[in-house]
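Peer 1: Quick one, what's the 3D model for this:
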Amino acid sequence: MLKLAILGFLRDRPMHGYELRRHLAALTGHIRPLSDGTLYPAIKRLEADGLLVRETEPGSTAAPRHTLHLTPAGVTALLERLRTPEQLDISDENRWFTVLAFLRHLDDPAGQAAVLRRRLAFLEEPASFFYDEAGPLDAERITDPFRSGILLIARATSRAELAWLHDTIAALDASDGQDVTATSG
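Peer 2: Predicted coordinates:
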């Protein structure tokens, strides 16, 4: 997901490494803190793969700044990853939020709706954090108040997300290539 997030933020605009790190931390830092030992090797790999370039610009102090820019190949890689996310990108909430954060870069409403439909199908499958021999357990069948709380919170979150998905898919389906950000609030 780090690759997707780097490409997505650089699609928004060029940034220097420190600024990019702040944006990445805001998106995922509460889940998985991002160290320099993870970020800068990832940037170097993306640079070696031709997905981004580093340009030296004068800094506000004596030291020059290295600003990262997405290449056309980087844009293509980003769009392909958004168009066809891995199943784990759909099912894992943290990874899903990263896909969702940059899905607007996929300028095709039908393509965006297809990705959202995959998430919708995943959420509509019976699931739980806890199972017995008969299958998934719901909050009403669990006596442990803490496990029941997990399920109640997850149910409320899923209902909100399902409503949003249905509304946004309908808006995307109804659009003729228009910007749907105002209608899918």
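Peer 1: From now on I want contacts and neighbour counts done on CA atoms only, so please keep to that.
Peer 2: Will do.
Peer 1: ok, longest helix in the protein?
Peer 2: helix 145-174 (DSSP state H).
Peer 1: name the helices or strands packed onto it?
Peer 2: helix 109-124 (3 or more CA pairs under 8 Å, 6 or more residues apart in numbering; DSSP states H and E).
Peer 1: okay, the angle between the helix it packs on and helix 145-174?
Peer 2: Relative orientation of helix 109-124 versus helix 145-174 (axes from the mean of the first three to the mean of the last three CA atoms, to 10 degrees): 160 degrees.
Peer 1: if you average pLDDT over the helix or strand that comes right after helix 109-124, what comes out?
Peer 2: Downstream of helix 109-124, the next assigned helix or strand under DSSP states H and E is strand 131-132. Averaged over strand 131-132, pLDDT sits at 86.
Peer 1: Centre of the chain to strand 131-132, how far?
Peer 2: From the chain centre to the centre of strand 131-132 is a distance of 30 Å (CA atoms, centre = their mean, to the nearest Å).
Peer 1: Tell me the helix or strand right after that strand.
Peer 2: In N-to-C order, the element after strand 131-132 by DSSP H and E is strand 135-136.
Peer 1: Sheet-wise, list the partners of that following strand with their directions.
Peer 2: Each strand paired with strand 135-136, and its direction, by DSSP bridges: strand 131-132 (antiparallel).
Peer 1: returning to that earlier point: just the buried positions in the longest helix of the chain, please.
Peer 2: The neighbour-count criterion (16 or more other CA atoms under 10 Å) identifies Ser148, Leu151, Leu162, Leu165, His166, Thr168, Ile169, Ala171, Leu172, Asp173 as the buried residues of helix 145-174.
Peer 1: same deal with stretch 35-51?
Peer 2: Leu39, Ile43, Leu46, Glu47, Leu51.
Peer 1: Show the average pLDDT along the longest helix of the chain.
Peer 2: So the average pLDDT for helix 145-174 ends up being 93.
Peer 1: same question, stretch 10-28
Peer 2: On average, stretch 10-28 scores 89.
Peer 1: What residues sit buried inside that stretch?
Peer 2: Those would be 10-11, 14-17, 20-21, 23-25, 27-28, for stretch 10-28 by 16+ other CA under 10 Å.
Peer 1: If anything else comes up later, I'll come back, but that's it for now.
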